[in-house]
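Q: Dropping the sequence and predicted coords here.
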Amino acid sequence: MKNLPVYLFLALCYFSSPLYSAEDPGRLYEDALKSYQHTNLPEAIIHLKNALQIDPDHLPSRLLMAEVLISQGNGSVAEAELEFAKSQGASDDLLLPMFAEAYLLQDKHQLVLDIAKPASRERNLEARLAYFRGRAHLGLLQLSSAYREFNEALKLQPNLTVAKLGMAQVLLQRDQVEQAGIIIDEVISGGAGSANAWLLNANIQRLKGDYSGSLTSLNRAITLESGHLAARLARSGLLMQKGDLEGAEKDVDFILDQIPREPRAKYLKSIISASKGDVKDAEARVGDVVDTLKAVPPQVMQNNPSYLYLAGIISYQLGSYDVAKSYLNKYLKAVPNDLESVKTLAIIELREGKPENARGILAKINVVYPDNPNILSLLGMAYMDMKSYDLAQQYFKQVVELVPESDLGRSNLARSKMASSEFDAAIELLLKAKEGGTENNIELDLLLAEAYVRTKSFGKAITIYKKLVETSPKNSRFAQKYGATLGLSGDLEGAEAWFKRALELDPANTDAMIHLSRMDLVRGKGEASLKYLDAKATEYPESYELMVELGKTNALLGDMDSALRWYDKAFSLKNDIHFTLDGLVDTLVKVGNTEKALVVLDEFIGRNPTDAQAFTMTGRIYQLINQRQKAIEAFTTATNFAANKSQSFMTLAKAQSDTDDRAGAIASLKKALVYDESYLPGYIALIKLVIEERDEVHALRLISSVRKLAPNTPAGDLLTAELYEGLGDFDKAIASYEKALILGDSRQAILGLTGIYTRSGSEAKAAERLTEWLKRYPDDPPVELALAETYLRLGKHKSAMFHYEKLLKQHPESPLILSSASEGFYRSGKESIALQMAQKAQAASPKNVDFLDTLGWIQSRTGKTDAALATFREALVYDYGNPSVKYHLASTLVQLNRQAEARKLLGEVKTSSRSYGQMADVDVLLKSISQ
């Protein structure tokens, strides 16, 4: 076969078989599954090809195709299938073990360790991943780590035979052949003699010199699993040693038929060809890849230091910042701590939007030149840009103390107050400065007017701007700001007049143009707004600000193609600032072109390698396309450069928690609290994770901190209730919810309280409390929905339907209400309406597992078993560990006389660490099919 890319190989696979257009992909999937379960892999692939011809997006078929490909040893193509499933939102619990196997088949051992890190997952899943980590360590020859992981897997799941085989393999690589043999004998004698066990046994026998016994074991392995490529590879080697080239070639050809590019088989084929005297064929099969490294010696420029400084300053003045930095850094090597050079470097970093870099430069020089107002001012500006306003204020205060008459010091301090939303303090500072009769009243007036606008004191701001336009009647900027403030106060006609005046004074005032265009939008004249902006953009083709505004306006009016075109044009003009970047990336994501969005961000980061916001945006997109590990990597990098470290670590913790990396999330949240001890969202998130860890002492200690940060609120009691609910101490949980309700009515508290009543079997009490709440707050949909569901569980269908019908009348399109109400309609005998409602809910939120489960269960109970199977299979794609879906799928399979698969699913529910309220029903069903 030619060296085709994976995607082309997939295309050939999917479109080479005859179409069965009348078939349903769900039925073909079930046929494929049966073939796979009977180890008829070629037949399974035929069914799957046909299913995917009908529906290329059928995720269950994609995933089963990956399983079949893995069974055939074709890891690279399986990986492509899994990447597609991942991009469509398939569950990590389902994908992780399959990715691990696919990577292992390709010797991508480090990738396995990267994606399968230990986490707080379901016990059996974590056991499997520990096993895969062991295999990865084994592939990297990290034997101690491999043995530890295999041992961990057996602790979690003592009957995991493959982990025992892994331990035996480690012992073999340590030359502990006898100990390995003991484990293998135990496995084989225990009746768990899989093909892999016989393969290991063959290896042990070979090491002991028992080649005949080894060949017998390999034959046993291949008898058990005819497509076992590793066994065939080993057997071909033994047969070659015996001189049986014909037998060896049969095994090699079998492997190459399955995987034409398998390098080891190709190598063996070349040896066979050489042994047969076909040297040309042997040479054609052996390819060497030679990487050539070009070593370029560093070029050292020997310049006079004064010339370096001059070149740096001139480059800075011309705006060639990279060139300037290069010269100035070289100069500072010759003349360390030169104040002007350091200041210039810091200013460049600030202008390039890299305050972290500026702070690092300035902090060092501040030690050499303490109490220098210029350095302190620049440090304050750096911290302002980093949004560390408290630190910025400290430096600006030092400047004011050192130079009391400095307007710059006062205005900078006022700016820092405004940035931290301390507007009253900023106003007080500015009024005092004006009383001092300073020489720069205009700048202070502008700051004061801005502070008044931020506090919605429009009258005071208008007074200042009116005075400014009277004293400076030809200043376009003042006219534009006056117009903007008039607009905010509701005087649209006055605003429009002053925007036009601003443009008369300065026809290139883009802010005034943008404000004028928005006036048309406010009046509902979208086309007029676009026409005006388009004309101005033609008149000023270098104005990226106008292009961004055109992008925003087109997006607002629903024309995403035009919006994208304008954002792209703006970014091509100015590609190093977020003003042009953010709209482009956001629009690309909205139109579904996440790949292009990531490319744009990657190129932006290449130019701005310390831009935390760009890394965070990258992480968000990776989350959106279900590439969670890459998202975590991006968020982790963002924490290194983020101005607000606490918020950045919070974002990272959320991403880690989503991948079940609870330990990592807890560590990140602790770091968030180190940077800001009063960061309440960080405490709450950390407490919830500690509750999951069932660490009562730690949780209570953290909750006490929340009580101090949020006194006289129910936050502490609500978290305490969550803690005891998680620990199963319902009495203490109820008491805490009641305390929260004493402090004030809280929907979270009433729903939490009645949820505990439901879990403890006190449905009637739950209904009573919910009814009382609705008497006080009759328009509370979440509580009314909870009451309807409670009545349904109590068997009071008429009462349940009363509330469902009321909710549906008020919120006819709510997927949550539709899905819940569908069960009520089903139990009331209105099956067709129930089915329609469940389908409508699922269509509104296609990947919602609860909605899929509800729909599938109604389909199953109304005799639509094929449709139910397809629905449940899809639900498991998104949440493989969901016990409700597995129970309902098992019930459906029993209807179809497929007890073996049903038993497997019910066993998984029984051994799962996830709680399930219908476990008694699971036991009944399991007992009925086990007799």
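A: Noted; the coordinates are in hand.

Q: looking at the protein, which helix or strand is least sure?
A: Least confident element among the helices and strands of the chain, by mean pLDDT, DSSP states H and E: helix 6-14 (a mean of 35).

Q: Any idea how many residues pack against residue 454?
A: A count of nearby residues for residue 454, using other C-beta atoms under 10 Å, gives 14. All C-beta spots, glycine's among them, are computed from the backbone N, C-alpha and C.

Q: For it, which non-adjacent residue is spatially closest?
A: Among residues not flanking residue 454 along the chain, residue 423 sits closest, at 5.2 Å (C-beta to C-beta, 6 or more residues apart in numbering).

Q: Would you agree that neighbour is in contact with residue 453?
A: No. Residue 423 is beyond contact range of residue 453, at 9.6 Å (criterion: C-beta atoms under 8 Å).

Q: pLDDT on stretch 584-592, on average?
A: Averaging pLDDT along stretch 584-592 yields 93.

Q: Just the CA atoms of it, as CSV, please.
A: Output in CSV follows, covering the C-alpha atoms of stretch 584-592 (Å, rounded to 0.1, in the frame of the first residue of the first chain):
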residue,chain,number,x,y,z
LEU,A,584,-11.7,37.3,15.3
VAL,A,585,-11.2,34.3,17.6
ASP,A,586,-14.7,34.6,19.1
THR,A,587,-16.3,34.7,15.7
LEU,A,588,-14.3,31.8,14.3
VAL,A,589,-15.5,29.7,17.3
LYS,A,590,-19.1,30.8,16.8
VAL,A,591,-19.0,29.7,13.1
GLY,A,592,-17.5,26.4,14.1
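
Q: roughly how far is that stretch from the heart of the chain?
A: On the basis of C-alpha atoms, centre = their mean, to the nearest Å, stretch 584-592 sits 17 Å off its chain's mean C-alpha point.

Q: element containing the residue nearest to the spatial centre of the chain?
A: Most central in the chain under C-alpha atoms, centre = their mean is residue 623, positioned 2.4 Å from the mean C-alpha point. Per DSSP states H and E, residue 623 falls inside helix 612-624.

Q: I would like the residues contacting that helix, please.
A: If you take C-beta atoms under 8 Å, 6 or more residues apart in numbering as the criterion, helix 612-624 is touched by 578, 581-582, 585, 589, 594, 597-598, 601-602, 604-605, 608, 628, 630-635, 637-643, 648, 651, 655, 658.

Q: Residue 191 in helix, strand or coil?
A: Under the three-state scheme (DSSP: H, G, I helix; E, B strand; the rest coil), residue 191 adopts coil.

Q: what about it, how many residues close to it?
A: Residue neighbour count, defined by other C-beta under 10 Å, stands at 7 for residue 191.

Q: pLDDT value on it, please?
A: Taking residue 191 on its own, its pLDDT is 70.

Q: Show me how the chain divides into domains.
A: 1-106, 304-404, 508-574, 592-643, 647-703, 712-812, 839-931 (automatic domain parsing).

Q: Okay, now the fourth one: how far is its last residue from its first?
A: So the one you mean is domain 592-643. 30 Å (C-alpha to C-alpha, to the nearest Å).

Q: so how far is it from its chain's centroid?
A: So, by C-alpha atoms, centre = their mean, the centroid of domain 592-643 is 10 Å from its chain's centroid.

Q: swap in the fifth one?
A: Average the C-alpha atoms of domain 647-703, do the same for its chain, and the two points are 17 Å apart (C-alpha atoms, centre = their mean).

Q: average pLDDT across it?
A: 90.

Q: Check stretch 400-420 too.
A: So the average pLDDT for stretch 400-420 ends up being 76.

Q: cool, stretch 774-784 as well?
A: Mean predicted lDDT for stretch 774-784 stands at 92.

Q: Which positions in it come out as buried?
A: 774, 780, 783, 784 (16 or more other C-beta atoms under 10 Å).

Q: was I right about the last one contacting residue 806?
A: Going back to what we said before, that points to residue 784. Yes. Between residue 784 and residue 806 there is a contact under C-beta under 8 Å: 7.0 Å.

Q: Not counting stretch 762-776 itself, show me its contacts.
A: Stretch 762-776 is contacted by residues 745, 750, 753-755, 757-758, 780, 783-784, 786-787, 790-791, 793-794 when judged by C-beta under 8 Å, 6+ apart.

Q: Give me the buried subset of those residues.
A: 750, 753-755, 757-758, 780, 783-784, 786-787, 790-791.

Q: Run a quick check on residue 857 versus residue 868, I expect a contact.
A: Yes. Residue 857 is within contact range of residue 868, at 7.5 Å (criterion: C-beta under 8 Å).

Q: any residues in contact with both of the two?
A: Common neighbours of residue 857 and residue 868 (criterion: C-beta under 8 Å, 6+ apart): residue 888.

Q: Report the mean per-residue pLDDT for the helix ranked longest in the chain.
A: Taking DSSP state H as the criterion, the chain has its longest helix at helix 123-139. Average pLDDT, helix 123-139: 91.

Q: same thing with stretch 843-850?
A: Averaging pLDDT along stretch 843-850 yields 90.

Q: that older thread, what about the residue nearest to residue 454, how many neighbours?
A: Around residue 423 there are 19 residues (other C-beta under 10 Å).

Q: now do residue 39
A: Residue 39 has 13 nearby residues by other C-beta under 10 Å.

Q: next one: residue 156
A: If we define neighbours as other C-beta under 10 Å, then residue 156 has 19 of them.

Q: can you pull the contacts of the residue nearest to it when sequence neighbours are not counted?
A: Nearest residue to residue 156, sequence neighbours excluded (C-beta to C-beta, 6+ apart): residue 127, at 3.7 Å. Residue 127 sits next to 152, 153, 154, 156, 157, 160, 163 when contact means C-beta under 8 Å, 6+ apart.

Q: and what of residue 431?
A: The contact partners of residue 431, by C-beta under 8 Å, 6+ apart, come to residue 448.

Q: And the helix or strand that contains it, how far out from the chain middle?
A: Applying DSSP H and E as the criterion places residue 431 in helix 423-435. Centroid separation for helix 423-435 versus its chain: 45 Å, with C-alpha atoms, centre = their mean.

Q: Now the element after that helix, going C-ward?
A: helix 441-454.

Q: ok so, going back, next, format the buried ones among the contacts of stretch 762-776 as JSON lines and append distance to residue 363 and secondary structure.
A: Shown next, in JSON lines, are the buried ones among the contacts of stretch 762-776 (distance: C-beta to C-beta, whole Å; DSSP: H, G, I helix; E, B strand; the rest coil):
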{"residue": "750", "distance to residue 363": "52", "secondary structure": "helix"}
{"residue": "753", "distance to residue 363": "52", "secondary structure": "helix"}
{"residue": "754", "distance to residue 363": "55", "secondary structure": "helix"}
{"residue": "755", "distance to residue 363": "52", "secondary structure": "helix"}
{"residue": "757", "distance to residue 363": "58", "secondary structure": "helix"}
{"residue": "758", "distance to residue 363": "57", "secondary structure": "helix"}
{"residue": "780", "distance to residue 363": "54", "secondary structure": "coil"}
{"residue": "783", "distance to residue 363": "54", "secondary structure": "helix"}
{"residue": "784", "distance to residue 363": "58", "secondary structure": "helix"}
{"residue": "786", "distance to residue 363": "55", "secondary structure": "helix"}
{"residue": "787", "distance to residue 363": "60", "secondary structure": "helix"}
{"residue": "790", "distance to residue 363": "61", "secondary structure": "helix"}
{"residue": "791", "distance to residue 363": "65", "secondary structure": "helix"}
